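> What would the 3D arrangement of this be:
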Amino acid sequence: MKKNDFTFTIKRIRFDEHYQPSDSTRLTTNFANLARGERRQQNLRNALTMINNRFNALANWDNPKGDRYSIELDIISVDVDVAGNGNSFPSIEILQTHIVDNKTHERFEGIVGNNFSSYVRDYDFSVRLLEHNQQQSQFSIPDNFGELHGKLFKYFVSSAAYKQHFNKPPVICLSVSDNKTYQRTENRHPVLGVEYQPNEASLTEQYFHKMGLQVRYFMPANSAAPLAFYFFGDLLNDYSNLELISTISTMETFQKIYRPEIYNANTVAGQCYQPNLQNADHSITHIVYDREERSNLAKAQGKFAEEHFIKPYRALLEQWSANYA
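Residues are numbered from 1 along each chain as shown. Take a look at the predicted model:
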C-alpha cells in the first residue's frame with residue numbers, strides 16, 4: 001500500500017451563537033455539548049463573550065478600553081478515506097482561531113488545533129484500554145497503544161491538505177492531569193505566564209507524544225491553574241503573542257466551563273500544585289454543560305470507531321502503520 005493512498009477532506013463551520021452541531025460531529029466534542037438544550041444560544045453567547053474579554057485582558061497594550069480585539073472560531077472537521085473508495089470516516093475535529101482587530105479592521109489567522117477530539121482516541125481510551133485492563137490484575141497499557149492514531153495525526157499534519165488550509169503547525173491546549181503534581185519554575189513568558197513542570201509523564205502526554213507533540217505547562221496572568229500546551233517545534237518562538245493569546249483565551253474559557261474545580265477555583269495554583277476535581281471552593285460560569293453525558297458518549301463513540309473504522313479496515317491500517325516512517 002502506498003503512503004499517499006489516504007485522502008483527507010477538510011470542512012469548516014463557524015462556531016458562533018447560531019452554531020448547530022452537524023450529524024457527523026462527535027457529540028462529546030466540547031463545543032457541541034454547549035450548543036444543545038433550551039439555553040444553547042445563551043450558552044454560546046456567554047462563552048464567546050468570555051473568550052473576547054479574556055483576549056483583551058491579555059492583549060492590553062494599545063487597548064485602553066479593553067475592546068480592541070474579537071475572536072472568530074471555526075470548527076475544523078477532518079475526514080479520512082483510507083481505502084480510496086470514496087467512503088470517508090470522521091477522523092478528528094479541531095478549532096481554528098481568527099483575530100479581528102476592531103481598530104484597524106484587519107482579520108488574521110490565529111492558531112489551529114486548540115480543542116482536540118478524535119473517534120480513534122475514544123476507541124483507544126474507552127474501548128481498547130478498558131477491555132485490556134479487564135483481563136489484568138493491575139493497570140497496564142496495551143502493546144502499541146496509540147501508535148495508529150499517532151501516525152494518522154502526523155500524516156495529516158504533513159499532508160498537502162493540511163498545508164493548503166493552514167500556515168503553521170497545530171497547538172493543542174488541554175487541562176492538567178488531576179493525578180499529577182506540578183512544580184512552579186523560575187521561567188516566565190510575557191504571554192504564556194509562569195512555567196510549571198510535572199512530577200512524571202501522564203498517559204495523555206505519552207499518547208500525544210506518539211502524535212509527534214511535545215508538551216509544556218504554563219499559567220498565564222490571572223489564571224487559576226496551568227494549561228498543557230502540546231506543540232511541534234518551538235512554542236515560544238514559532239507563534240506571535242496575539243496567536244498565543246487566541247489559544248489561551250479560547251481554551252481557558254472552555255476549561256472554566258468544563259473543569260471549574262480547577263480553572264475557576266477561588267485559590268490560585270501555588271509553588272507545588274496538584275489539581276483537584278473534588279475542589280468545592282470554585283465558582284461556576286452558569287453555562288450549562290453535561291459532564292456525565294460526555295463520558296458515557298465517549299464509550300459509545302469509541303465503539304462506533306471500532307465498528308466503522310478499526311474492524312473493516314484493520315488489515316489495511318496495520319499494513320499502512322507497519323510501513324509508515
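> State the number of residues packed around residue 53.
As a burial measure, residue 53 scores 14 neighbours (other CB atoms under 10 Å). In short, each C-beta sits where N, CA and C put it, glycine included.
> Ignoring the adjacent residues along the chain, who's closest to it?
Distances taken as CB to CB, 6 or more residues apart in numbering place residue 66 nearest to residue 53, at 7.6 Å, with adjacent residues excluded.
> Burial check on the one you found, number of neighbours?
Neighbours of residue 66 (other CB under 10 Å): 13.
> Okay, now the unreliable bits of the protein?
1-4, 21-39, 288-295 (pLDDT under 70).
> and the residue nearest to residue 53, what is it in contact with?
In this structure, residue 66 makes contact with 53, 56, 57, 60, judged by CB atoms under 8 Å, 6 or more residues apart in numbering.
> most surrounded residue in these?
That'd be residue 56 among the contacts of residue 66, by other CB under 10 Å, with 20 neighbours.
> ok, back up a step: can the contacts of residue 66 go into a markdown table with extra columns for distance to residue 273 and secondary structure?
A markdown table is the format used below for the contacts of residue 66 (distance: CB to CB, whole Å; DSSP: H, G, I helix; E, B strand; the rest coil):
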| residue | distance to residue 273 | secondary structure |
| --- | --- | --- |
| 53 | 25 | helix |
| 56 | 27 | helix |
| 57 | 22 | helix |
| 60 | 26 | coil |
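> Considering those, which is situated nearest to residue 221?
Nearest to residue 221, judged by CB to CB, of the contacts of residue 66 is residue 57 at 8.3 Å.
> Was I right to think the closest one contacts residue 223?
No. Using CB atoms under 8 Å, residue 57 is not in contact with residue 223, being 10.7 Å away.
> how near is the nearest residue to residue 148 once chain neighbours are set aside to residue 286?
Distances taken as CB to CB, 6+ apart place residue 321 nearest to residue 148, at 5.2 Å, with adjacent residues excluded. Separation of residue 321 from residue 286 (CB to CB, to the nearest Å): 45 Å.
> Which of these two has more residues huddled nearby?
The neighbour comparison of residue 321 against residue 286 (other CB under 10 Å) goes to residue 321, with 15 against 10.
> May I see the buried residues of the helix or strand hosting the more buried one?
Following DSSP states H and E, one finds residue 321 within helix 314-323. Across helix 314-323, burial judged by 16 or more other CB atoms under 10 Å covers 317, 320.
> And for stretch 145-155?
So for stretch 145-155, counting by 16+ other CB under 10 Å, buried means 145, 146, 148, 149, 150, 151, 152, 153, 154, 155.
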